[in-house]
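# Coordinates only, no sequence provided:
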């Protein structure tokens, strides 16, 4: 099955993006993670990659989580990456957005757990985000 490429126009430039749903294990739960990949200057340009960890706290964990980034959220990720050094015009390579940047969206956190099993526990981070927003059930 081919990846579905979506188009987004921002600041006079066309961006093409795709995303794939994954799951990451935490110490106490499983969480939905959406790997977002964005190109800003054709298929050979430097790709932006961000792993978006769902903040949803559901009784059955990732099995019932249907969180998915909207085009508006993708635009916010692009804007953040551009402000932090991503040059989509460069040829080759990948620009990773790391959870160290402390960037978050209303429904997502950045995570490194999909690329690095030693990254901080996603369950703890999801509960901390929910606690900060007073959403613990």
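The structure has been received and is ready for your questions. As the structure is a computational prediction, the values presented were derived from the model and not from experiment.

# what sits up against the longest helix along the chain?
Identified as the longest helix of the chain according to DSSP state H is helix 71-83. The contact list for helix 71-83 (Cβ atoms under 8 Å, 6 or more residues apart in numbering) reads 6, 8, 10, 15, 17, 36, 38, 40, 48, 50, 52, 69, 88, 95, 97, 101, 103, 105, 107-108. All C-beta spots, glycine's among them, are computed from the backbone N, C-alpha and C.

# Also stretch 7-23?
3-6, 30-41, 51, 62, 68-69, 71, 74-75, 78-79, 88, 114.

# Also stretch 120-128?
Contact with stretch 120-128 is made by 24-29, 31, 33, 53-57, 99, 109, 111-113, 136, as judged by Cβ under 8 Å, 6+ apart.

# mind running it again at 7 Å?
24, 26-29, 31, 53, 55, 57, 109, 111, 113, 136 (Cβ atoms under 7 Å, 6 or more residues apart in numbering).

# pLDDT averaged over it, what's the number?
For stretch 120-128, the mean per-residue pLDDT is 84.

# Ok, stretch 52-66 next?
Across stretch 52-66, pLDDT averages out at 77.

# Now the residue most central in space within the chain. Its backbone dihedrals?
By Cα atoms, centre = their mean, the chain has its centre lying nearest to residue 52, at 2.5 Å. In terms of degrees, to the nearest 10, the main-chain angles of residue 52 are phi -100, psi 120.

# close enough to count as contact, it and residue 106?
No: using Cβ atoms under 7 Å as the test, residue 52 is too far from residue 106 to be in contact (11.5 Å).

# How about residue 45: which residues does it bridge to?
Bridge pairing for residue 45 (DSSP bridges) gives the partners residue 91.
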